[in-house]
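> Quick check, what structure comes out for this input:
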Amino acid sequence: MAKKNNFQEILKDVNWNRVILTVIPLLQPFIIFGAWLTFARVNTKASIVSKIIAICEPIPTLDLNVPKEVVLASMFDSIEDLSALVKKVTELAIDMPLATAKFLQDASDGKITIETDSPAGDVEIDIKEDVFGKLLNDIIKTLKVVT
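This is a model prediction of the structure:
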């Protein structure tokens, strides 16, 4: 019982207003992210706006001044559609050689196999998403130079 009284005495001295004022700014990004993601998944018009944000915000010349949490939630909301689109594009590419289509499919799965003539055999490399992010940034920089 002595421990319970000590704990109650410690809690008595805690200024709960300061605790709440400290915790709320820490949780605010998660609340904004969850609210926007839920809103975008429930409302069709918000989903369209979410996709526009996901397309426009990564482009440096188009700054929409949208909070980072909303941008992240928009990208999270549209990643499933992007995955389905990439899969359909790789399936519908008739003129594309079979080796290129297989390479794109493996790259979308996150693994690339490099064929070697060595006795050790082929080398399989696990690629991370940041490789595609760097590639996308290079493409955007190239397009900015051309335009």
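
> mean confidence for stretch 87-100?
Per-residue pLDDT over stretch 87-100 has a mean of 65.

> change the start of the numbering to 530 and stick with it
From this message on, residue numbering opens at 530, which makes the last subject stretch 616-629.

> in which helix or strand would I find residue 575?
Secondary structure assignment for residue 575, by DSSP states H and E: helix 573-585.

> now for that helix, which elements pack on it?
helix 545-571, helix 597-621 (3 or more CB pairs under 8 Å, 6 or more residues apart in numbering; DSSP states H and E). Quick note: C-beta positions are derived from backbone N, CA and C, even for glycine.

> quick one, the shortest one and helix 573-585 angle?
What separates the directions of helix 597-621 and helix 573-585 is an angle of 80 degrees, with axes from the mean of the first three to the mean of the last three CA atoms, to 10 degrees.

> how does the chain divide into domains?
Following automatic domain parsing, one finds the domains of the chain at 530-606, 622-676.

> which stretch in these has the least confidence?
Of all these, domain 622-676 has the smallest average pLDDT, which comes to a mean of 64.

> For residue 568, which non-adjacent residue is spatially closest?
In this structure, residue 568 finds its nearest non-sequential neighbour in residue 575, 5.0 Å apart by CB to CB, 6 or more residues apart in numbering.

> hang on, isn't the one you found packed against residue 569?
Yes. Because the distance of 4.8 Å satisfies CB atoms under 8 Å, residue 575 is recorded as touching residue 569.

> neighbour count winner among those two?
residue 569 (24 against 17; other CB atoms under 10 Å).
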